[in-house]
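[1] missing the sequence, but the structure's below:
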């Protein structure tokens, strides 16, 4: 288990968050499994992605450390107004660590995985371009 105060990748996540993340890796949704198959394909994504990754007090669906990119998938539950407000706040907190959060619905994954892949690739390219300028 990584050191819980490792800000470089886990942003201070505590040991209990790592335990929850490990459990979630064994209970991935169908949409998460479909996207994970693409994200771990090194021909599509040379950068390494991690699934159910601890960041601070959160567990994000997917994380690419080299691009500082978080990818979240939202099922029907996330369409509720209260959940949408929570997700907005959660994304803002994660972004306060200097990370970018992009979200997709499960429906987008099921109906057009190629477009989701393209959008993730474009986000990585934009981030890498910005990092080179900095």
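    Yep, it's here. Please read these numbers as outputs of a predicted model, since none were measured by experiment.

[2] chain center to the lengthiest helix in the chain: distance?
    Counting residues, the longest helix found in the chain (DSSP state H) is helix 113-133. Distance, stretch centre to chain centre, for helix 113-133: 13 Å (C-alpha atoms, centre = their mean, to the nearest Å).

[3] tell me where the model's unsure across this structure.
    Residues of the chain meeting the criterion pLDDT under 70: 1-7, 78.

[4] all helices of it, in order?
    Under the criterion DSSP H, the chain contains helices at 15-25, 30-39, 81-95, 106-111, 113-133.

[5] in the longest helix of the chain, what counts as buried?
    By neighbour count on 16 or more other C-beta atoms under 10 Å, the buried set for helix 113-133 is 113, 116-117, 120, 123-124, 127. For the C-beta atoms, the positions are set from N, CA and C on the backbone; glycine is no exception.

[6] which single one of these is nearest to residue 59?
    Compare each of these with residue 59 using C-beta to C-beta and the shortest gap goes to residue 120, at 18.9 Å.

[7] OK, contacts around that closest one?
    By C-beta atoms under 8 Å, 6 or more residues apart in numbering, the contact set of residue 120 is 39, 45, 69, 71, 102.
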